[in-house]
Structures are given as C-alpha cells and as structure tokens.
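A.B. asks: mind looking at a prediction? Sequence and model below.
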Amino acid sequence: MITLLGPTASGKTSLAVHLAYELGGEILSADSRQLYKGMDIGTGKDLGEYNHRGQSIAYHLIDLVPAGERFSLFSWQRAFHRAYEDLTERGIRYPILCGGTGLYAEAVLRGYHLPDVPPNPSLREALRGETLEALRIRLSSYGALHNTTDLDSPQRAIRAIEIAEYIRQQRASGLDYTEYPPIDSLILCLDLPREERRSRITLRLRERLEHQNMIGEVEGLLASGIPAEDLIYYGLEYKFVTRYLLGDISYDEMFTSLETAIHQFAKRQMTWFRGMERRGFTLHYIDAMLPMQDQVELALQLLHRWEDS
C-alpha cells in the first residue's frame, strides 16, 4: 500500500489521482469528515479531481453516512478493512491511502482496533466547562494514539477523552485492541513552506466562500433538519459558517476566525506527521511546490526503492 499524507491545501488528492492512474491503483480516503454525505465543499472532497486523462479513478471511504450522524474511528477502521480486503481480492496491487487525518492513517498502519465506546455521563459532567486547550492537554496525557489534530470544539475533545479513558480502563483490566494486523506501506508526505501553505489556505477559503457557495451548502444542511450543534461539532468550516448563519458572528468575523482555525489545524497536522516519525514510521517528504509531474516521478522512484529494500 501507498500512504499519502499532507496538510490541508497541499494537493494530496491530485497527486494520489496521478499515482493511481500510473499504477492502476484505487484511493482510500483517510479524512475524518469526507465520509459524511452532503458535506462536500467544506471538507474539500473535490470529486471532480478523480479523473485523469479521461479515466475515472475509483475512490472509497467517502460519503459513507449521512451528515448529522457520528462515525467513530472504530467504525471507520471496519469500513477501511472491508474496502482494503475488496481491493486485495480484486488484485489491486497499489491501494493508495490518502488524507490529512493522521490518527486514521496511523491506526490502520499500526493495526489499532479501537472499541465502540459508550457514553460516560459522569465524565462528561466533570469535564463540562473546561477550556478547549485544557481538554487538549488532558487528552495528550493518554499517549500518542489519541488525536488532538481535529479537535476544535469542546464537545469533540470531551468525546475523545471519553474514548481514551475507556481504553485506559480496559487495558488496566488486561484487555487490548490490536485485532487488525499492521499494514506495510510506503509513506509519502507532502510538505510546503509555511507561508505558501498559509497562502493556499486563504485562497482556497475565499474560493469556497465566494465561488463554490459553501454558505449555501451549510444552509442546505440546516434546512434538511440537521441540528446546528451537530454541524458545529464537525468543526472548522461547518462550525464557523453555522455560527454566522445563526447570527452569532459577522461575515468578517467568520472569515477571520475560520482562516485562523484552518492555519492552526494545518500546523497540528504537520506536528502529528512528524510525531509519527518519532513513533517509528519512516516518512518520505515530497516538496508540494514541485510541478505535478516531478512529484509523480519522485513518488514512483521512492516506491521502487521501497519495493527493492
């Protein structure tokens, strides 16, 4: 398997599509929000990109469940392994796991199998009122497995702590969750200079708001009956656009706050990817400033070396 990581707006999908075309591969999404139907613009699904030189590139783990539902890492892992086994049985030699949710990628590469954790009302009550930063610090104390990257609301942080505490208690009782075997993979990671990354994020945000009708997408989700608090739970675009539509913040406040939040999110993504190296993974970095054909050629060179090693 090839794993392609990178921060938001680095061009992961485009490179993955080019590689899938060259190798006869199919793409498995490692994005914690692209699995929701109807959340297209804000999550950057860019489904029109899954076509190269007239050939459609098959993708998986996108549009799995309706927006408004909760889909745990446990559920995503099950869906991943069903899709991965299907690709293997069909003789697809190069599945390409592509996304920016480092925890999802690391979970399947390392072989974690997390349980479907029930709510813990007493813990939720004890954590109510804590700041997001305090919740992140508490979550990080549980170890590297527990993702702080995607957490930009107290509700999501509390749920992550709830899961981490459940696993801690289970392990203290002698139980562990390693049902799935590790998957051997070449790991590529797109990298950008900080200012270029920030520039791309801002340009893409303006494009989504001014030309792709992202506000209309969120209006439609609300009109379909999805509660505002559920959209806010998903974070980033859905959090701030929903607050704007509710009248909590102005358009300018929405843009500035969202822009800042996405910059912070991209920084946390890169921190997670570099942490993977400390946890024993080898990441091969590709300069996302290179022309696409150069990126493809470098990725193929790295693949051949990895296969020969």
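C.D. replies: It's in.

A.B. asks: from now on I want contacts and neighbour counts done on CA atoms only, so please keep to that.
C.D. replies: Will do.

A.B. asks: for stretch 183-198, measure first residue to last.
C.D. replies: Taking CA to CA, to the nearest Å, stretch 183-198 runs 33 Å from one end to the other.

A.B. asks: what segments of the stretch 101-250 of the chain are strands?
C.D. replies: In the stretch 101-250 of the chain, the strands defined using DSSP state E, counting those that start in this stretch lie at 186-191.

A.B. asks: where does it have low pLDDT?
C.D. replies: 113-116, 143-152, 170-171, 173-179 (pLDDT under 70).

A.B. asks: helices or strands up against the helix or strand harbouring T3?
C.D. replies: For T3, the host element (DSSP states H and E) is strand 2-5. Under the contact definition 3 or more CA pairs under 8 Å, 6 or more residues apart in numbering; DSSP states H and E, strand 2-5 sits against helix 12-23, strand 95-98, strand 186-191.

A.B. asks: most packed of those?
C.D. replies: Across those, averaging neighbours per residue (mean count of other CA atoms under 10 Å) puts strand 95-98 on top, at a mean of 25.

A.B. asks: alpha carbons of that strand, as PDB, please.
C.D. replies: Taking Å, rounded to 0.1, in the frame of the first residue of the first chain, the C-alpha atoms of strand 95-98 are listed here in PDB:
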ATOM      1  CA  PRO A  95      -4.200   0.800  -2.900                       C
ATOM      2  CA  ILE A  96      -3.500   4.500  -2.000                       C
ATOM      3  CA  LEU A  97      -4.500   5.700   1.400                       C
ATOM      4  CA  CYS A  98      -4.700   9.500   1.100                       C
END
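
A.B. asks: what helices or strands is it leaning on?
C.D. replies: Counting contacts by 3+ CA pairs under 8 Å, 6+ apart, strand 95-98 packs against strand 2-5, helix 12-23, strand 26-29.

A.B. asks: would you mind giving these as TSV with distance to I232 and mean pLDDT added?
C.D. replies: As requested, these are exported to TSV (distance: least, CA to CA, whole Å; pLDDT from 0 to 100):
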stretch	distance to I232	mean pLDDT
strand 2-5	26	98
helix 12-23	25	98
strand 26-29	22	98
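
A.B. asks: possible to save those as CSV with distance to Y233?
C.D. replies: Converted to CSV, the helices and strands packed on strand 95-98 look like this (distance: least, CA to CA, whole Å):
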stretch, distance to Y233
strand 2-5, 24
helix 12-23, 25
strand 26-29, 21
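
A.B. asks: tell me who's in contact with R90.
C.D. replies: Neighbour list for R90: empty [criterion: CA atoms under 8 Å, 6 or more residues apart in numbering].
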